[in-house]
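# sequence-free structure coming up:
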């Protein structure tokens, strides 16, 4: 009996080896495949970016999209300060290769900065971030684009992000916090951590704020945002108090903050801002230099 | 005779199918593997980036490195304006995942901008770009990091690059040229192309320059740079004439320029600049906020 199976077994072995040899060609790509699988199992980070039309907008969103492409599993929620989605942002998002949601929310005229106002005079991005919070609480689940287990980060379009920051925030239970470079008048504005707990902040701009930190300094679990369904940013808080306004509604105190980025010793995000370009010659042209060209 | 081979053949078929089924798992990654192979056969782009120490340097080089990571096959030549390589730039390059060369070249004190000088007062990046040109003419070939067939692009660390620009420059025969957003006082400074030839430029800043374009507006084949071994930038040319100084030594006229980016109708690079952060509070601190922390 046994003897009859030998030819089958030998044949099966030979066939298997032949197929295996053919398969060798694909071996290098197995690693890539494994990385893809790892990305798929990564915790989702929802990046909330308020944006408004200005000469350097496309440039800023372009380089932002490249950091996000390298950031692992993310969903980009871009909220325009506009009545309806602009063609520029719509195209950029479609071309980005990222999973995204495109929203709009208009800031009323009386809350908008004038051309010559300093950038801190009026609240910025408030209604846009709130639109994202509402989306994350209601439509996001139905859209299938956002997991219940996600982390939410308010990623402004002018900041600079080290992609290692996104893995730091993937560990968030309630609220994570970390240093921000070039923020609050300092080279680095940061939590001071003792025995794994946030002891104080080194902020010099209004250090008496409940949470004296920048918008780029923290991430929140989506679960916590959904557990407090009325928590929003506000048009009626003092300059520099948006972060505190949000966090005091979400947390009982500093002891709940989870320090990341090597216990607050690594800078993985910078508060950069792009200069408004000098467009005085442009203003004098009879025909705009960008007629029929998107810049 | 035939009959004796049937069990072997059946076995071989079964073995082959089993191995094939196992191989299915790797099928998705075959595409990734093919992309990798394509990247390897891509024409090399040498990116020359002069840089100098300043508060926002690491942020700018970080986001620049992300665009370059997505740009296909590139070699990044970073030239510090410093006596010796800094730890910050050395670490950043080592962490970047990019193929790179790290050089230094010091700008003599009398050619350096003062803290309150306007940025155009003195030439910038001249000796750093020249160090890269010398490297590309001599040591590059021996290093094995640069192909003879490469394209050279002067990619400053404050500009913003659409990654599609790098494939445009991969088609360069001698010198390619394309629009730059937010340059020269205009929304877009660009070559005006008629019948595939550069007819004029829309520059309003010194339009009488031989090549009235920005450093970000062109790429040169390494072959051409090696064929003209004495061509360099200069500390002794008028403001805004560096590009013209180089190109007049490389070309006989506009007819040799190769228009790219949809015949000069697409903006794939922007002349952005990051604001110097306000560090007035930092200057008053007894201990710097970034003591023992790299920002």
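Yep, it's here. All values derive from a computational prediction rather than experimental measurement.

# near chain B, which residues of the stretch 101-250 of chain A?
Contact residues, the stretch 101-250 of chain A versus chain B (Cβ under 8 Å from any Cβ of the partner chain): A:160-163, A:179, A:181-182, A:184-190, A:202, A:204-205. Quick note: C-beta positions are derived from backbone N, CA and C, even for glycine.

# switch the cut-off to 7 Å
A:160, A:162, A:181-182, A:185-188, A:202, A:204-205 (Cβ under 7 Å from any Cβ of the partner chain).

# out of the residues you listed, who's nearest residue B:273?
residue A:160 (13.6 Å; Cβ to Cβ).

# so how many other residues sit close to residue A:189?
By the criterion of other Cβ atoms under 10 Å in any protein chain shown, residue A:189 has 27 neighbours.

# Residue A:247 and residue A:254: what is the separation?
10 Å (Cβ to Cβ, to the nearest Å).

# And these two? Which one has more around it.
Applying other Cβ under 10 Å to residue A:247 and residue A:254 shows that residue A:247 carries more neighbours, namely 22 against 17.

# how close does that one get to chain B?
22 Å (Cβ to the nearest Cβ, to the nearest Å).

# wait, doesn't that residue sit right on residue A:209?
No: counting by Cβ atoms under 7 Å, residue A:247 does not reach residue A:209; the two are 9.8 Å apart.

# Any chance of the residues of the stretch 101-250 of chain A next to chain B in CSV with pLDDT and secondary structure as columns?
Shown next, in CSV, are these (pLDDT from 0 to 100; DSSP: H, G, I helix; E, B strand; the rest coil):
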residue, pLDDT, secondary structure
A:160, 98, strand
A:162, 98, coil
A:181, 98, strand
A:182, 97, coil
A:185, 96, coil
A:186, 98, coil
A:187, 98, coil
A:188, 98, strand
A:202, 98, coil
A:204, 96, coil
A:205, 93, coil
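
# Show me which of these is closest to residue B:259.
Nearest to residue B:259 among these, counting by Cβ to Cβ, is residue A:160 at 32.5 Å.

# residues in contact with the closest residue to that closest one other than its chain neighbours?
Among residues not flanking residue A:160 along the chain, residue B:59 sits closest, at 3.9 Å (Cβ to Cβ, 6 or more residues apart in numbering or on different chains). Going by Cβ atoms under 7 Å, 6 or more residues apart in numbering or on different chains, residue B:59 touches A:160, A:181, A:270, A:272.

# Just confirm the second one contacts residue A:188, I think it does.
Yes: with contact taken as Cβ under 7 Å, residue A:181 and residue A:188 are classed as touching, separated by 5.3 Å.

# of the two, who's got more company?
Taking neighbours as other Cβ under 10 Å, residue A:181 and residue A:188 compare with residue A:181 leading, 30 against 25.

# residue closest to the middle of chain A?
Centroid-nearest residue in chain A: residue A:47, 2.9 Å away (criterion: Cα atoms, centre = their mean).

# Tell me which helix or strand it sits in.
Here residue A:47, judged by DSSP states H and E, is contained in strand A:45-51.

# so whatever helix or strand comes next after that strand versus strand A:45-51, what angle?
As assigned by DSSP H and E, the chain's next helix or strand after strand A:45-51 is helix A:57-69. Inter-element angle recorded for helix A:57-69 and strand A:45-51: 170 degrees (by axes from the mean of the first three to the mean of the last three Cα atoms, to 10 degrees).

# strands paired with the following helix or strand past helix A:57-69, and their directions?
The helix or strand immediately downstream of helix A:57-69 is strand A:74-80, counting by DSSP H and E. Neighbouring strands of strand A:74-80 in its sheet, by DSSP bridges, are strand A:45-51 (parallel), strand A:99-104 (parallel).

# Can you give me the buried ones in the strand holding residue A:47?
For strand A:45-51, burial by neighbour count (16 or more other Cβ atoms under 10 Å in any protein chain shown) applies to A:45-51.

# Sweet, I'm off.
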